[in-house]
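Enquirer: prediction below, plus the sequence it came from.
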Amino acid sequence: MDRISIAGLLLGLTAIIGGLMLEGGHPASLLQVTAFLIVVGGTAGAVMLQSSAQQFADALRTAGWVFKPPPHEPKKVIGRVVGWSQTARRGGLLALETAIEASREPFERKGLQLLVDGAEPNVLREALEVEINAFEARYRAAARVWESAGGYAPTVGILGAVMGLIQVMENLTDPARLGAGIAVAFVATIYGVGLANLVFLPVANKIKALVARDVSTREMLIEGLVGIANGENPRSIEIRLQGYLV
């Protein structure tokens, strides 16, 4: 569980609601179903219109990464690579077949299979880099869905505000109905700007950071596998891979 993401979201909400209360307001004044439907529904519709079904599904799925990121253990990856290197030096590349069966990571399994099949180092690198590029493109597209939501939400919030003001103008002779229209107008703007800057854009940036992190780990793995293919000393491979740790 990513505690800093949870803490950041709670801090942002607390600051806004706390500031409202310090000014004598009441949190219940921010609860406006009509404004919420306008902003969230309108933003979701705009995002779905511009995205493919795959991109939208990936965006919903990767949102969970913000609070529960995929495992990231680069030191363990280095340890496994060094172990494979030692195994290959003792028993040849064919000895890595057991490592293929033991690995749970598809990317690792593909790289090890290429090694066992006797792929040339440059062929191995090119094949795995193609997969990295596809991975990065797919999940950066998912991040852009949230980024787009952050761009649409404030505008849809303004649309909600205008709709609320239209309702106000239509009921100038009925003071009892003016309050609802004014509430929709202002709360819709708050929802649009708030969701964009507290949720949508931070989620997009967090996903992009996680994707970049995983790409770096995969590139490190490629370097290790190429080193094994070249018959390099396990210690030399380990020292080079440690340069990826920050």
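Expert: Thanks, I have the structure now.
Enquirer: the residue nearest the centre of the chain - nearest residue in space that isn't next to it in sequence?
Expert: Centroid check for the chain by C-alpha atoms, centre = their mean gives I207 as the closest residue, at 1.9 Å. Spatial nearest neighbour of I207, excluding adjacent residues (C-beta to C-beta, 6 or more residues apart in numbering): A143 at 4.1 Å. Backbone N, C-alpha and C define where each C-beta goes, glycine included.
Enquirer: show me the contacts for the one you found.
Expert: Counting by C-beta atoms under 8 Å, 6 or more residues apart in numbering, A143 makes contact with A59, T62, A204, N205, I207, K208, V211.
Enquirer: where in this structure is pLDDT low?
Expert: Along the chain, segments meeting pLDDT under 70 span 171-181, 183-184, 246.
Enquirer: show me the domain layout of it.
Expert: 1-28, 32-246 (automatic domain parsing).
Enquirer: who's in contact with S236?
Expert: G227.
Enquirer: need the longest helix for the chain.
Expert: Counting by DSSP state H, the longest helix found in the chain is helix 121-170.
Enquirer: thinking again about what came up before, check which helix or strand the residue nearest to the centre of the chain maps to.
Expert: helix 201-229 (DSSP states H and E).
Enquirer: ok, A119 next?
Expert: Applying DSSP H and E, one finds A119 in no helix or strand.
Enquirer: please report how far the residue nearest to I207 lies from A188.
Expert: Distance of A143 to A188, computed by C-beta to C-beta, to the nearest Å: 26 Å.
Enquirer: L22 too?
Expert: From L22 across to A188, the span is 23 Å (C-beta to C-beta).
Enquirer: looking at those two, which one has more neighbours?
Expert: More neighbours surround A188 than the other of L22 and A188, with 27 against 8 (other C-beta atoms under 10 Å).
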